[in-house]
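**Student:** Sequence first, predicted model second:
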Amino acid sequence: PTTAPVSPRYDSTDERSRNMIREGFWTEVFRLNGSVTPLVAGRLLGFTAFGAIIYALFEAFHLKNGLATAHYEYIGAVLALLLVLRTNAGYDRWWEARKIWGGIVNQSRNLAQIGLIYGPTNPSWREDYTRWVAAFSATCHHSLRGEHKFDEIQGMCEIVGTAETRRLSQADHMPLYAIHRVADLLKQAVDSGEMDRFYFLQAESERAKLIDHIGGCERILKTPLASAFSIKIRRFLFLYLMFLPIAIVDAAGVATPLIVFLVAYPLLALDQIGVELENPFSKSRLNHLPLNQISETIRGNLMASLEPLPPIIPHNAVP
Amino acid sequence: PTTAPVSPRYDSTDERSRNMIREGFWTEVFRLNGSVTPLVAGRLLGFTAFGAIIYALFEAFHLKNGLATAHYEYIGAVLALLLVLRTNAGYDRWWEARKIWGGIVNQSRNLAQIGLIYGPTNPSWREDYTRWVAAFSATCHHSLRGEHKFDEIQGMCEIVGTAETRRLSQADHMPLYAIHRVADLLKQAVDSGEMDRFYFLQAESERAKLIDHIGGCERILKTPLASAFSIKIRRFLFLYLMFLPIAIVDAAGVATPLIVFLVAYPLLALDQIGVELENPFSKSRLNHLPLNQISETIRGNLMASLEPLPPIIPHNAVP
Amino acid sequence: PTTAPVSPRYDSTDERSRNMIREGFWTEVFRLNGSVTPLVAGRLLGFTAFGAIIYALFEAFHLKNGLATAHYEYIGAVLALLLVLRTNAGYDRWWEARKIWGGIVNQSRNLAQIGLIYGPTNPSWREDYTRWVAAFSATCHHSLRGEHKFDEIQGMCEIVGTAETRRLSQADHMPLYAIHRVADLLKQAVDSGEMDRFYFLQAESERAKLIDHIGGCERILKTPLASAFSIKIRRFLFLYLMFLPIAIVDAAGVATPLIVFLVAYPLLALDQIGVELENPFSKSRLNHLPLNQISETIRGNLMASLEPLPPIIPHNAVP
Amino acid sequence: PTTAPVSPRYDSTDERSRNMIREGFWTEVFRLNGSVTPLVAGRLLGFTAFGAIIYALFEAFHLKNGLATAHYEYIGAVLALLLVLRTNAGYDRWWEARKIWGGIVNQSRNLAQIGLIYGPTNPSWREDYTRWVAAFSATCHHSLRGEHKFDEIQGMCEIVGTAETRRLSQADHMPLYAIHRVADLLKQAVDSGEMDRFYFLQAESERAKLIDHIGGCERILKTPLASAFSIKIRRFLFLYLMFLPIAIVDAAGVATPLIVFLVAYPLLALDQIGVELENPFSKSRLNHLPLNQISETIRGNLMASLEPLPPIIPHNAVP
Amino acid sequence: PTTAPVSPRYDSTDERSRNMIREGFWTEVFRLNGSVTPLVAGRLLGFTAFGAIIYALFEAFHLKNGLATAHYEYIGAVLALLLVLRTNAGYDRWWEARKIWGGIVNQSRNLAQIGLIYGPTNPSWREDYTRWVAAFSATCHHSLRGEHKFDEIQGMCEIVGTAETRRLSQADHMPLYAIHRVADLLKQAVDSGEMDRFYFLQAESERAKLIDHIGGCERILKTPLASAFSIKIRRFLFLYLMFLPIAIVDAAGVATPLIVFLVAYPLLALDQIGVELENPFSKSRLNHLPLNQISETIRGNLMASLEPLPPIIPHNAVP
């Protein structure tokens, strides 16, 4: 038999992603799950209520403010443009983080194949090597979610054993510890003459990329959007929404709160989406990346490739 | 004779693409084929009918809502900006996928040339090698379309034979299986002394890029646009189009449904185009990439290069 | 004597590009040559005439449509945004194609220098090598313009001789044939011991980039902008321009056709510019890249570097 | 015991960044710290006061200017678009600088691991090597902040000792001096036969990237945004805000200064944010990168990795 | 003594750039130097005068054109969007050119360090090598500015001596000549056994990047923005500004020329800035890059690194 399917097939995309069937238009319109609406509901009601109060005051005292609203709209346009740009910047960060994790998948697969195909045939080296390559992505996942204590990372025991998991939990930097182990194993293979130096060169260049990848994730994690940029937007948003009912009450009358609601909803939601996209790793964010699942898939792929392939059957062999 | 043209010439661009003659302006205006219009027709009629009902109600009961529409337009502008940005993001994904497949073409050609020019002269090694390099892109094509069963991938039999196709259908990850085969063949060539280690270095670096490419495609396949981002747009779109007839009925009168139609059409179409561009691999999408055709062309190119070139005829030879 | 100037100096930018003197503002305003205006004149007149007819009808029957034009403008804004984005996407493709050809220049120069400086001193090898490196860019140029027949590519005779040109015209893929020749020559140099393997590594990595470059050009050539995206824009444009005179005739009166003209001109022109930029290689496009000239310059540069440099004269030598 | 935690754990993200808890909406709205508001307060009050004076003049002399404000808004829109684009360009520079420093982290870690794992076992070489790799990022930090004098850089004494710190303060280019030291140490390791040439290749390619990184930072530091671009925006902003009260006084009446304030605030703030983002290194900027902290963390990481790892405990060892 | 400061310290940023102190808001507002205003003054006055004439005609003959200006504004918005996009594209080119020159700095430094640290100890080789690496950037600078004659490039005499400068002035391509010299020197070092082949690999890969850099600059120099794109914008701009006074004269009355001025100024200035940014190398452009200064700094850095560093003083040495 060929390689036994240890994990669910990585490329067996399930029915939904197979054709990437989007739920229909109407389902998406009414779905609350995965939406930021609950997170902004408070603010939204607050501004709407304020709009109602303004209307009541103007009505009660028969006020007229005679404000020209044209320039007010212009301010709103600047604000919307800023929000859209920030959402875009947030999406770019999120996609960059996804790309880096894609790189972790690629380099882990590649590093494993190089070691297993071109490396020593000694089974214990092969197993150690594969496990430590797989451990790298698992430590990245834990490290980026701020999980360092032994009980937070005990899933690692299955990969590298309890003793090494305990060491990991005490290490200065878990992913660097894991990749150091991989380097030790490579050095051992080269020094013992079981791995050709030319093969080593390829492995080492993939290993270096893994260090770049974890560094890239840490950069995204530790660097929020420039804060002056971010604070300013929220202050403009607040000022804009406060003055909005005053600006429109003359013309809109009883519809003032409704219009405030319709204007405030997209603006507050966009603002919140920008925040949600800022940290692609934290489980407390709506759109966090499935780091857990990705690193488990890497492990499945790698363990499945431990067994060497049987000899090629020529294409023109009689079946 | 020089290389026999096994497949249709890859670079023989047909008449249409030769000058990339676009069909004329008017043809494109009226073409339904390849358009998203049929996909959004239902929603479009729904919103238009709703506009007609609103008009009828206001007319029947002589209602006036006195709504100022200025801020309403502003909401529409935010919405349009969001839709355009999402369409752009979708197009970027689609183009990235195309670039990655361009890379699969490049690296397959290059890997084949390196093996065939710098590798062993043994014909059976050469044939196996070429076939497995060609098999890689074919497995990518099947894997990205979720085709794993033997009868779904039986076109592979022509490339690697029935027995290996059966193994592929049982492998944990088809493209990794194929590229593993290529690595085995390279190792065999180096270990037998028939391929210089310096030549091997070049081949291996191209092979590593192929693993990156399939990883890149899987990243695009498995990561839809951030869903909070996506859902939000559809909810705004719905709210906007529902309130639109109410907002304009005073001013537009009997033209209300027409204006709703003219406004809703581009917005709904843009929304749908964004969805269509999201998965560049699925055949159920309008603009899916011609993976089938690309991987067949690679195969044609590769098989055509199996035969070694005859010696160079000097440029100043008497003809 | 030092290297004889075989071709016009590549870096001798002529008077115009030396300071990249743009023709003045007014010249550019009135220049027809190189403009898309003639290409859209028909459509433009059509829509203008339609505007005049609408005006005449409304005038003749004293019609009033009472349409609010505010939302109509909003549709126009969405349309304009889409057109601008597509023009930008088209420009990006065009610039990407230019960059790839820049890469062909760089890698050709570099490959030639490596071969000529670090390679065999045998004059016939040197000449063959230089000619085949130069031939690569020439075959790219022909291949991207769809020229394959012997008489279409007979300019190649000067570079590689008639016999090889005939073989090229029969090859499955001309640029791959040419780069295969380069690889053969490199292998010959290494196998004969005349080129150190470390030198070879450098040459091979440049050669691999050339294969990437031709693949990149083919990707741009064979992949038009996603067609759903493209068709939709033209349909919106048509609908928008058809309803435009109806929407404005009440307010604009006799100026209706003029305004239709002023609105339709930039929109139709932008649409056409997007089409023109789509294929950067075809001579039938206004802004096609000067492939011919670039590949001739490469050849000039390369042939000029055939002759080895004389020994360095120390900087402090007495003149 | 495993590696002793010399520095605070690099990946122990503190409570705040662990979930990247943003301060709440309202906190950010009212926070002054880290905001550009104080920097633009003067200009803002100036323009508002000017608005009040204009209103007073028009009121006093019963003036009417009868200006159509529609085109005025259009100018404002162009201006806002320019400001938003410049802010975006500024943010891109800032993020590019952050990426380069991320690269300095990655390459420093990698260079240290390569030297410590694959290099000589001689403890003094190891210590010197690690210290000079750590010194590189520290010199970058000082150099980019313009600190060259001995007392400005005396923190370096802890890393490389007083004598070498003094030499650094006299060097032509501090980071080049430090990286030269690293190269000397590598050469010494190779020449003494303690480091395999294949290991050296990897180290050297990381070292080359560090030279690229400091060059990249210097490029950002020394190249302000194209000045014609920058000056023009400020002149337009000035003209726009000067004419604004005149344009709106007829319609806005007593609200003139308020509207001027509301329009001027986001525009002036955006302009200032663009300036703040321009130099990501200077401590006098609001959003400068924490170079100090990053280079100290690198040092902590590196010193912690000086001690070799204990042998691997197999994953299935009895605990 | 350590390295003598031959040139002004490269990293000694002067007072202004140290904190990148921008001149204040008001200074920039009123500064003419470095501004495009003088370049567009003629056109600006022309269009303003035309506005005055239109007003005078309408006034004299009591004309009313009854034009609705709403759609006219819309055309203006399309135009402004196009201009902003072109300015952005121009800025991107300018920044790309700056990045490439940053690369020339990086690779020159790196190539020099590799040669001087890992290369032959023979002083004359070291001097020749350093001089020719420094000569490369100097020839790039002259070549990109179109300076080829002996007296235009006589500053090179200080670097490579008069005899070689004369040869350069006759070479087919100056930067290729210089980099050829560097390759000759490297080959000589390898062939004489004084430079290890592994060291050579690093040097050669940096050398190849320098060839890419000069190619990148030539690409930017020789490829103006797609001309159909560029011409079209100027024609739209002209049409727009011609019809502007006619469109607004009814509403704006005597303020017509003022509004034309305020609208035309940013549009004409943006158009001109786009042109200025197009060629980042020419001294006749406002924002040309300081190629002269950059290449002199490279030379200073390189010459300063000729002297080998004294042995490391251990960090814990007694001072």
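**Tutor:** That came through fine.

**Student:** The residue in the stretch 201-319 of chain A positioned nearest to chain B: what's it in contact with?
**Tutor:** Relative to chain B, the nearest point of the stretch 201-319 of chain A is A:His315 (3.5 Å; C-beta to the nearest C-beta). From N, CA and C alone the C-beta is placed, and that goes for glycine too. By C-beta atoms under 8 Å, 6 or more residues apart in numbering or on different chains, A:His315 lies in contact with B:127-128, B:131, B:159-161, B:164.

**Student:** A:Leu270 now?
**Tutor:** A:80, A:83-84, A:86-87, B:78, B:82, B:232.

**Student:** Poorly predicted segments of the stretch 151-300 of chain A, please.
**Tutor:** Where the stretch 151-300 of chain A drops to pLDDT under 70, the residues are A:225-231.

**Student:** at 80 instead, please
**Tutor:** Within the stretch 151-300 of chain A, the segments meeting pLDDT under 80 span A:224-233, A:250-253, A:275, A:278, A:284-287.

**Student:** distance between the helix of greatest length in chain A and the chain's centre?
**Tutor:** Determined from DSSP state H, the single longest helix within chain A is helix A:70-118. Averaged C-alpha coordinates place helix A:70-118 at 8 Å from its chain's average position (C-alpha atoms, centre = their mean, to the nearest Å).

**Student:** Is chain E within reach of it?
**Tutor:** No. Judged by C-beta under 8 Å from any C-beta of the partner chain, helix A:70-118 stays clear of chain E, getting no closer than 11.5 Å.

**Student:** Heading C-terminal from that helix, find the next helix or strand.
**Tutor:** helix A:123-144 (DSSP states H and E).

**Student:** Going by neighbour count, which residues of whatever helix or strand comes next after that next one are buried?
**Tutor:** Scanning forward in sequence from helix A:123-144 by DSSP H and E, the next helix or strand is helix A:157-170. For helix A:157-170, the neighbour count (16 or more other C-beta atoms under 10 Å in any protein chain shown) marks A:157, A:159-170 as buried.

**Student:** what's the farthest-apart pair in the residues you listed?
**Tutor:** Using C-beta to C-beta, the buried residues of helix A:157-170 span at most 17.0 Å, a distance reached by A:Ile159 and A:Gln170.

**Student:** circling back to that earlier point, tilt between the longest helix of chain A and helix D:70-118?
**Tutor:** Interaxial angle of helix A:70-118 relative to helix D:70-118 (axes from the mean of the first three to the mean of the last three C-alpha atoms, to 10 degrees): 20 degrees.

**Student:** Helix A:70-118 near chain C anywhere?
**Tutor:** No. Contact between helix A:70-118 and chain C is absent, the nearest approach being 11.4 Å (criterion: C-beta under 8 Å from any C-beta).

**Student:** Give me the angle between that helix and helix A:123-144.
**Tutor:** Using the same axes, to 10 degrees: helix A:70-118 against helix A:123-144 is 170 degrees.

**Student:** Need phi/psi at A:Val249.
**Tutor:** Per-residue torsions, A:Val249: phi -60, psi -40 (degrees, to the nearest 10).

**Student:** wait, does the longest helix of chain A contact chain B?
**Tutor:** Yes. Counting by C-beta under 8 Å from any C-beta, contacts between helix A:70-118 and chain B involve A:73, A:76-77, A:80-81, A:84, A:87-88, A:91, A:94, A:98-99, A:102-103, A:105-106, A:109-110, A:113-114, A:117-118.

**Student:** Using the three-state scheme, assign the residue of the stretch 201-319 of chain A closest to chain B.
**Tutor:** Here A:His315 is coil, with the state taken from DSSP: H, G, I helix; E, B strand; the rest coil.

**Student:** unless I'm mixing things up, A:Leu186 is touching A:Arg207, no?
**Tutor:** Yes. With contact defined as C-beta atoms under 8 Å, A:Leu186 and A:Arg207 form a contacting pair (7.2 Å).

**Student:** Would you check that A:His173 makes contact with D:Asn301?
**Tutor:** Yes. The criterion here is C-beta under 8 Å, and A:His173 meets it with D:Asn301 at 6.1 Å.

**Student:** quick one: average pLDDT of stretch A:311-319?
**Tutor:** Averaged over stretch A:311-319, pLDDT sits at 79.

**Student:** Restricting to C-alpha, output that stretch in CSV.
**Tutor:** C-alpha atoms of stretch A:311-319 as CSV (Å, rounded to 0.1, in the frame of the first residue of the first chain):
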residue,chain,number,x,y,z
PRO,A,311,9.4,2.4,-7.0
ILE,A,312,7.9,4.1,-10.0
ILE,A,313,5.7,1.8,-12.2
PRO,A,314,6.6,2.8,-15.8
HIS,A,315,3.7,4.5,-17.6
ASN,A,316,3.6,1.8,-20.2
ALA,A,317,3.6,-1.1,-17.8
VAL,A,318,0.9,-3.7,-18.5
PRO,A,319,-1.7,-3.0,-15.7
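
**Student:** Same question for that stretch: list its buried residues.
**Tutor:** Here stretch A:311-319 shows A:312-313, A:315 as buried, counting by 16+ other C-beta under 10 Å.

**Student:** which stretches of the stretch 1-150 of chain A have low pLDDT?
**Tutor:** A:1-37, A:62-78, A:80-82, A:84-85.

**Student:** in it, what residue is nearest chain C?
**Tutor:** Closest point on the stretch 1-150 of chain A to chain C, by C-beta to the nearest C-beta, is A:Ala77, at 11.4 Å.

**Student:** Please name the residues that touch that residue.
**Tutor:** Going by C-beta under 8 Å, 6+ apart, A:Ala77 touches B:74, B:77, D:77, D:80.

**Student:** that older thread, give me the more crowded residue out of A:His173 and D:Asn301.
**Tutor:** Higher neighbour count among A:His173 and D:Asn301: A:His173, with 27 against 22, using other C-beta atoms under 10 Å in any protein chain shown.

**Student:** now the buried residues of helix A:157-170 as a markdown table including distance to C:Phe61?
**Tutor:** Output for the buried residues of helix A:157-170, formatted as a markdown table (distance: C-beta to C-beta, whole Å):
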| residue | distance to C:Phe61 |
| --- | --- |
| A:Cys157 | 86 |
| A:Ile159 | 83 |
| A:Val160 | 86 |
| A:Gly161 | 90 |
| A:Thr162 | 91 |
| A:Ala163 | 94 |
| A:Glu164 | 89 |
| A:Thr165 | 87 |
| A:Arg166 | 91 |
| A:Arg167 | 91 |
| A:Leu168 | 85 |
| A:Ser169 | 86 |
| A:Gln170 | 90 |
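
**Student:** for A:Ser35, helix, strand, or coil?
**Tutor:** coil.

**Student:** Do me a favour and get the end-to-end distance for stretch A:139-157?
**Tutor:** Using C-alpha to C-alpha, to the nearest Å, one end of stretch A:139-157 lies 12 Å from the other.

**Student:** List the buried residues for that stretch?
**Tutor:** Across stretch A:139-157, burial judged by 16+ other C-beta under 10 Å covers A:139-148, A:153, A:156-157.

**Student:** and what of stretch A:239-259?
**Tutor:** Residues of stretch A:239-259 classed as buried: A:239-241, A:243-252, A:255-259 (neighbour count, 16+ other C-beta under 10 Å).

**Student:** tally of neighbours for the residue in the stretch 51-200 of chain A that chain C sits nearest to?
**Tutor:** Chain C sits closest to A:Phe198 of the stretch 51-200 of chain A, with a gap of 10.9 Å, by C-beta to the nearest C-beta. Around A:Phe198 sit 17 other residues, with neighbours defined as other C-beta under 10 Å.

**Student:** Now do it against B:Ser192, distance only.
**Tutor:** To B:Ser192, A:Phe198 is 15 Å away according to C-beta to C-beta, to the nearest Å.

**Student:** Does stretch A:187-205 reach chain E?
**Tutor:** No. Residues of stretch A:187-205 are not located near chain E by C-beta under 8 Å from any C-beta, the shortest gap being 10.9 Å.

**Student:** what about that stretch, near chain B?
**Tutor:** Yes. Contact of stretch A:187-205 with chain B (C-beta under 8 Å from any C-beta) involves A:196, A:198-199, A:201-202.

**Student:** wait, isn't A:Pro280 in contact with A:Ile220?
**Tutor:** Yes. Between A:Pro280 and A:Ile220 there is a contact under C-beta under 8 Å: 6.8 Å.
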